[in-house]
Each structure stands twice: as structure tokens, then as C-alpha cells.
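Novice: Starting from these lines, generate the structure:
(chains A and B)
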Amino acid sequence: MTSFPWQSAFEIREQVVSGAATAVDVARAYLARAEELNAKLSCFLYVDHEGALAAAAQVDRAVRGREALGPLAGVPVAIKDNLCTRGVRTTCASKILGDYIPPYDAHVVEALRASGAVIVGKTNLDEFAMGSSNENSAFGNVHNPWNLDRAPGGSSGGSACATAAGLATLALGSDTGGSVRQPGAFCGITAIKPTYGRVSRYGLIAFASSLDQVGPMARSVREASLLLEVIAGHDVRDATSADHEVGAYHAACSRGVNGLRVGVVRDQLDELQDSQVRGAVEAALQSLENNGAVLVDVALAHAKHAVSVYYLIAPAEASSNLARFDGIRYGLRVSGKDLADTYAETRGQGFGPEVRRRIMLGTYALSAGYYDAFYLRAQRVRTLIRRDYDAAFESCDVLCTPTTPTPAFALGEKTSDPLEMYLADIFTLPPSLAGLPALSTPCGLAADGLPIGLQIVAPPFEEERLCGAAQVVEDACGLLTSPPPAFA
Amino acid sequence: MAEPRITLDEVLHVAELARLQLSDDEARQMQAQLDSILGYLAELDELDVSDVEPTFHSIPMDAPLRRDVPVPCSDRSEILAEAPESEAGGFAVPLVLEVDS
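Specialist: So this is what the prediction gives:
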């Protein structure tokens, strides 16, 4: 058995269930590590000592009482701070919600509690999940545990960092255009963006409602798959939640890839400028082929328009969703000379620069005279992107691309030009626009030691295929055995 | 110099629609950044999509209806505790209408 803190969720549960360790001991050890290392990493906005110890004590009572124990009994989990936690501050890394304490739990938080998980804290993010580097947090930069001068990715950078550096066993993030996959790739862990509707959005503070999904993050494919199984399912409180049977994601990790047709988006791979990313992805494809998969070249002719489509649709939806932050019912209020002035002052001071920029872009794209030219046009091109996938999935079962064009870029490298930052999302945006499930898993390290991610995409509700294929890549690339050197 | 895709006046108009107070510097910077972003997004104009249906929902779904029965919701005092100002069991808002006394 590996030593703390690199034990898997399975190992921790086994010890708690067998009595070899108490959940309180596990929680104390993780809380102490979070307390020690968070000053260096800034991945947690809040470490919940009291809540974690209470949840752990409850698990221990259940063990002593020989009650049935959930699949995550005693497992420390970190939660992105845009997911509502009853009685625990939830900020979206925004000044406008700096002191907000939700009166209810998000669906996924309820599911975690029911599974016996121990919630250790709330993780940092780009404000309202808008960003790709976590530098848009109102409460400080998260650092990449593989190199502290590099970005952890975003927007779920805190969740990715906490998991990769062993401050939590598992984490939840949210993904609108790549926000679990890209930080997962940058921090060398596995992250899954489920099919739109697979996981309830109830209690996830909305960014772009036609794209947002909650996703699991873990240091192994099996753990991410288990966590997906815990949070997936129908929930009447989210009208877009799918009434569709939950798959056996964890079991699917053992199914292998024999005969699986793996689509390779050849022109995207050939045009990739970073030869190390290309090399690592080619090697992962080779390992899939060595294990019986059949590689098939496919084309996504309209994927190159995904950045434009996404940066019209997501800001448009955000401008509407964020209208609720008006200083009346919750959060910050900055009083002005009249009601309109109070709204404008509250929002002008409460939102950071990137959130303001997206609200402006979205409001513009939806405003009179521009709706057809921008928003509607983007939704039509979205159809073309979706159709490309429909056609590709006639000749393949899953489809592979890099998760990101480069390994983690430096903190500060892309902050002066918003457009430069948007272009880094080129591979994660197309599946989001099509609502498809997509997973990122490590497939190698660059020469400077930074992780590289492989993205696998499947048709709607075929997450099991992602788990099976990713496990083969993980077995071949073996990144698991080596956590970030500075934190090992 | 080419016409900007969005003028400073338009930026101020949109900021008013979005109820966002921007300082003069912020408005000027916003104008430059939005102009650059809109310039990139114009690449979509090269596609003829006049006969393509828009996708508003990526995964087809019906609007579900629930049974019209009361269910418990959050406690009012907990909700009001989060309001900047509350009074008499409701949210207190700044004066909207002038009232003759």
C-alpha cells in the first residue's frame, strides 16, 4: 500500500471500513497538509476543518455501528467554490459573493455527503469560472504543483492543483469550455466533462447554462470514474438533467480497447506546433493500437471556428445569468444615488475585469440589431460543429486530440491579451459546444517535467468508452507512480 | 485607420444596458479589447449558414413538467440572512418611486 497522502480513494475507504484507520485520522492528516501547503499553492479558498472532522466522525460512527458505508466513505474531497455548500462560504472567487453562505447544498454535494465523502474545503477558480489560468480569481493566483511559476490551468485550477499535490484525494470542478480538462492536463491528473445533462447543475452557480457541467477530477482514471458514478444521475431540480441510466463507469475501466475504433483528428495533430505534445499524443495513440484499438483518421472541418462560437455563446449566456447579481438579494451592495446607480456601482465594483469583459461582450452580442449577426450566427455554426461529430462517430467509437496545444504556460504569460488566452481553449471547446462527454488524462511529460494531456471524446452518454480507453493510456504512460517532485 | 468595430459611445451604451459602472479608463480599455475580440470573431462571416438551423440545446430534450405539489424550500430567515438589507420578512430595496408625503 502506498503511503499518505498518495493513497487512492479505494485504499482510504478500505482502511476506514476495515478499521485500520479512522476517517478522523485521515481527515486530520489531509487538513494538516492543506494547512501547511496552501500558503505556497493557494488552491484552497477555505479549508473546512470543522465540517471535515464532523463528516469524518459520522463515518467512524457508521463503521462502529456496522452500518452500510458509501463508496467514498472517509475519502477527502475538495469542491470548487462555485458549488453551493450549505452553511459554508461559496464565493465563485468573486468580490460580489465574497461573504455568501448558501442555505442549501448543490446536488453533487448532497451526493458526496451521501457517499460518505469528507469535504475538506472549497477550491480557488477563475472568477465565476471564466478563465483558463486561474489568474482571474479575485483572491490570488493558484500555482502549478509541477512548477510554481506555471499556471495550474482554469477555471478549476484550485481543484486540479489540490488533487495533483495531494491536498485532497478527489475533487469536483465545473467545465463550460474546458474548465476541468485543461487544468487536469496542466496538473497531470484525470478529469471528466460528462455529457450535457448527465450530472445535475442544481447548486452550481450558473455561468453558461447550455454548456455548464460538473466534472470529477482525480489522480487516476479509476478514481475519476468512481466519482462520476457517485455524482451522475437524474435530478428533477435541474430541468436539463437527463433521465438516462447511469453507466458502470468504474467497471468500464477494465474493459480494454480491443476492437475499439479510435478516431484521430489528423489535421489538428499535424498542425500542432508543440512537437512534445504531438509526440506524447502519438505515443498514447500507439499504446491504444498496441492494445487492440483500430486507429481511424477523421476530420472536424468546423472545429476551428469553436473559439469564435464559444466566445459569443458563453458570454451571451453569462450576461443573462449574471444579471442576478444586483446587490439586492445576496452578496455585495454598493449604494448609489438611486436604484439604477446602485446596480451599476455594485456590479462595476463587485465583478473583476474578465467577468466585466464577458458581460459586455455578451450584452453586445444579444443587443438589438446584433442578435442575428452574432448570437444567432454562432448558434448556426454550432450546428455545423455538432454535425461534424455525428459524421465522425459513424466511423469511430471515440475520438482523440490533445487536451491543450502546449503544456502549462507561465503565470502572467497571457494576461495582457484576453484573446490570446481564449485561443488556448481550441481543443476543449468543440466537444463542449456539441454537449459531448470528454476526458483528459495524462499521456506524458515534456522535457521540462510538465504534464501533457490526451483528450478523449465520445458520443452522448458513452462515458464508459472514455473510462475504458483512458485506463489503457494510463497503464501505458504510468504517470501515477510519480507525483509532482516538490510535493512527493 | 480602419473604423473600429465598436466605438466608445457604443461601449458606454452597452455598459448602461448591462448595468456596469465603468471609469473613463476602463471604458477606453474595454473599447480596445472588445474591438480586438470582435475583429477575431468576424472570421465567422466567411461561412454561409443561412440555411443551417441554430443549436440552442446540444443534447435534444423536452421541457419536463413536475407535478404541481408543494415541496419544502429553504427557510426564509436563512435566505434573508444573505441579503444586504432586509425588513419585515422581505428584501429591503432602495426607493424606486417618489412618494408625496
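Novice: Keeping just the C-alphas, turn stretch A:230-249 into CSV.
Specialist: Only the C-alpha atoms of stretch A:230-249 are listed here, as CSV (Å, rounded to 0.1, in the frame of the first residue of the first chain):
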residue,chain,number,x,y,z
VAL,A,230,-21.4,9.0,-7.4
ILE,A,231,-22.5,12.3,-8.9
ALA,A,232,-24.2,11.3,-12.1
GLY,A,233,-28.0,10.8,-12.3
HIS,A,234,-31.3,12.4,-12.8
ASP,A,235,-32.4,15.3,-10.6
VAL,A,236,-35.8,17.0,-11.0
ARG,A,237,-34.4,20.2,-9.7
ASP,A,238,-32.4,20.7,-12.9
ALA,A,239,-34.7,20.9,-15.9
THR,A,240,-31.9,19.9,-18.2
SER,A,241,-30.9,16.9,-16.1
ALA,A,242,-31.1,13.7,-18.3
ASP,A,243,-33.4,10.9,-17.2
HIS,A,244,-30.9,8.4,-18.6
GLU,A,245,-29.5,5.3,-16.8
VAL,A,246,-26.1,5.9,-15.1
GLY,A,247,-23.3,3.8,-16.5
ALA,A,248,-20.9,1.4,-14.7
TYR,A,249,-18.0,3.8,-15.2
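Novice: how about that stretch against chain B, any contact?
Specialist: Yes - under the criterion of Cβ under 8 Å from any Cβ of the partner chain, chain B is reached by stretch A:230-249 at A:236, A:239-240, A:242-243. (Each C-beta comes from the backbone N, C-alpha and C, glycine too.)
Novice: what pLDDT, on average, does that stretch get?
Specialist: Averaged across stretch A:230-249, the pLDDT comes to 96.
Novice: What are the buried residues along that stretch?
Specialist: By 16 or more other Cβ atoms under 10 Å in any protein chain shown, the buried positions in stretch A:230-249 come out as A:230-233, A:235, A:238-242, A:246-247, A:249.
Novice: do the same with stretch B:14-22
Specialist: Within stretch B:14-22, the residues that count as buried by 16+ other Cβ under 10 Å are B:14-15, B:18-22.
Novice: Of the residues you listed, which fall within the contact range of chain A?
Specialist: Counting by Cβ under 8 Å from any Cβ, B:14-15, B:18-22 from these sit close to chain A.
Novice: which residues are in contact with the strand or helix carrying A:Ala54?
Specialist: Secondary structure from DSSP states H and E places A:Ala54 in helix A:49-64. Defining contact as Cβ atoms under 8 Å, 6 or more residues apart in numbering or on different chains, one finds that helix A:49-64 is touched by A:16-17, A:19, A:22-24, A:26-28, A:30-31, A:68-69, A:73-74, A:76, A:87-88, A:113, A:116-121.
Novice: if I look at the residue nearest the centre of chain B, how far off is A:Ala340?
Specialist: What sits nearest the mean C-alpha location of chain B, by Cα atoms, centre = their mean, is B:Ala18, with 5.9 Å. As judged by Cβ to Cβ, to the nearest Å, B:Ala18 and A:Ala340 stand 12 Å apart.
Novice: so where do the helices sit in the stretch 101-250 of chain A?
Specialist: Using DSSP state H, counting those that start in this stretch, the helices found in the stretch 101-250 of chain A span residues A:107-114, A:157-164, A:181-187, A:221-231, A:249-252.
Novice: Specify the angle between the fourth one and helix A:157-164 in degrees.
Specialist: On the basis of axes from the mean of the first three to the mean of the last three Cα atoms, to 10 degrees, helix A:221-231 is oriented at 130 degrees to helix A:157-164.
Novice: list the helices and strands helix A:221-231 packs on?
Specialist: Under the contact criterion of 3 or more Cβ pairs under 8 Å, 6 or more residues apart in numbering or on different chains; DSSP states H and E, helix A:221-231 touches helix A:9-18, helix A:107-114, strand A:170-175, strand A:190-193, strand A:213-218, helix A:249-252, strand A:438-445, helix A:463-477.
Novice: Check those for me and report the most buried one.
Specialist: Highest mean neighbour count among these (mean count of other Cβ atoms under 10 Å in any protein chain shown): strand A:190-193, with a mean of 34.
Novice: Identify the residues contacting that one?
Specialist: A:156, A:160, A:173, A:175, A:178, A:180-181, A:183-185, A:213, A:215-221, A:223-225, A:228, A:428, A:431-432, A:437-442, A:463, A:466, A:470, A:474.
Novice: Can you tell me which of the ones next to chain A among the buried residues of stretch B:14-22 is closest to A:Cys92?
Specialist: B:Leu20 (17.0 Å; Cβ to Cβ).
Novice: So the closest one lies in a helix, does it not?
Specialist: No - read with DSSP: H, G, I helix; E, B strand; the rest coil, B:Leu20 is coil and lies in no helix.
Novice: Please identify which helix or strand holds A:Ile452.
Specialist: strand A:451-457.
Novice: What mean pLDDT does that strand get?
Specialist: Rounded mean pLDDT across strand A:451-457 is 97.
Novice: Against A:Val298, how distant is A:Gly263?
Specialist: From A:Gly263 to A:Val298 the distance is 4 Å (Cβ to Cβ).
Novice: A:Arg387 is in contact with B:Val49, correct?
Specialist: No - using Cβ atoms under 8 Å, B:Val49 is not in contact with A:Arg387, being 11.6 Å away.
Novice: These two: who's more crowded?
Specialist: B:Val49 (18 against 15; other Cβ atoms under 10 Å in any protein chain shown).
Novice: A strand includes that one, no?
Specialist: No - with three-state DSSP as the criterion, B:Val49 is located in coil rather than a strand.
Novice: For it, report the pLDDT, please.
Specialist: 96.
Novice: got a list of what it touches?
Specialist: With Cβ under 8 Å, 6+ apart, B:Val49 has these contacts: A:377, A:380-381, A:383-384.
Novice: Out of those residues, list just those in helices.
Specialist: Among the contacts of B:Val49, DSSP state H puts A:377, A:380-381, A:383-384 in helices.
Novice: if we can go back for a sec, quick one: which two of the ones next to chain A among the buried residues of stretch B:14-22 are the most distant?
Specialist: Most distant of those, by Cβ to Cβ, are B:Val14 and B:Gln21, 12.9 Å apart.
Novice: hey, where'd the strands end up in the chain?
Specialist: By default, I'm working from chain A. Remark: strands assigned in chain A by DSSP state E are A:44-47, A:76-80, A:118-123, A:170-175, A:190-193, A:213-218, A:261-265, A:294-298, A:398-402, A:438-445, A:451-457.
Novice: that answer is for a different chain, and I need it for chain B
Specialist: In chain B, the strands defined using DSSP E lie at B:86-87, B:90-91.
Novice: For the first one, which outside residues touch it?
Specialist: Read that as strand B:86-87. So strand B:86-87 is contacted by B:80, B:92 (Cβ under 8 Å, 6+ apart).
Novice: Paired strands for it, with orientation please.
Specialist: Strand B:86-87 sits in its sheet next to strand B:90-91 (antiparallel), going by DSSP bridges.
Novice: Near B:Arg67, how many other residues are there?
Specialist: B:Arg67: 6 neighbours (other Cβ under 10 Å).
Novice: Repeat that for A:Gly177.
Specialist: Per other Cβ under 10 Å, the neighbour tally for A:Gly177 reads 29.
Novice: Look up phi and psi at it.
Specialist: Main-chain dihedrals, A:Gly177, degrees, to the nearest 10: phi -140, psi 20.
Novice: That one: what's it in contact with?
Specialist: Neighbouring residues of A:Gly177 by Cβ under 8 Å, 6+ apart: A:211, A:310, A:314, A:425, A:428-429, A:432.
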